[in-house]
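**Student:** Next input, structure requested:
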Amino acid sequence: MTTWITICDTCKRPGWEMGDMARTDGEALADLIEARAAPPVATRRVSCTMGCERACNVIVQAQGKIGYSLGRFEPSDEAAEAIVAYATAHAASETGQVPFRQWPQGVKGHFVSRHVPLPE
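**Tutor:** Residues are numbered from 1 along each chain as shown. Model (predicted):
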């Protein structure tokens, strides 16, 4: 079963407008995550997850499993590696719950909300 990382590609972190503004922070993070993701993890980009105050935002989810919204990431290699590692552990979990001891350090403190699976 595929675990999806949904990446908000319109996210802009505070101070974004002080840079070159060639692309958003969300686009930069999406590029880094997409370069690392491999089955059973897939990615998709969306425009706005309505978490602007917590940019950069991602959602980790799979059919029939608990899903999670995470935010406050920098568009960095370290963040992308941690997000993909967490999504890989999510994919390996029957329920989507990953024991805290298995969380990559880079996702700790970034969880925003948990989403129960939709009814069948």
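**Student:** use CA for all of it now, contacts and neighbours both
**Tutor:** Will do.
**Student:** What strands flank the helix or strand hosting residue 5, and is each parallel or antiparallel?
**Tutor:** Here residue 5, judged by DSSP states H and E, is contained in strand 3-8. Paired neighbours of strand 3-8 in the sheet (DSSP bridges): strand 41-46 (parallel), strand 58-61 (antiparallel).
**Student:** Contacts for it next, please.
**Tutor:** 26-27, 29-30, 40-49, 56-63, 84, 87-88, 90-91 (CA atoms under 8 Å, 6 or more residues apart in numbering).
**Student:** Mind listing what's buried along it?
**Tutor:** Within strand 3-8, the residues that count as buried by 16 or more other CA atoms under 10 Å are 3-8.
**Student:** Next: stretch 16-35.
**Tutor:** For stretch 16-35, by 16+ other CA under 10 Å, it's 24-34.
**Student:** again, but for stretch 92-99
**Tutor:** Buried, per 16+ other CA under 10 Å, within stretch 92-99: 92, 95-98.
**Student:** Could I get the residues you listed in CSV, plus columns for distance to residue 71, pLDDT and secondary structure?
**Tutor:** Below are the buried residues of stretch 92-99 laid out as CSV (distance: CA to CA, whole Å; pLDDT from 0 to 100; DSSP: H, G, I helix; E, B strand; the rest coil):
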residue, distance to residue 71, pLDDT, secondary structure
92, 22, 97, helix
95, 22, 96, coil
96, 18, 96, coil
97, 18, 96, coil
98, 18, 97, coil
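**Student:** Nearest to residue 67 among these?
**Tutor:** Residue 67 has its nearest neighbour among the buried residues of stretch 92-99 in residue 96, at 6.7 Å by CA to CA.
**Student:** hang on, that closest one packs against residue 87?
**Tutor:** No. Residue 96 lies out of contact with residue 87 (CA atoms under 8 Å); the separation is 9.2 Å.
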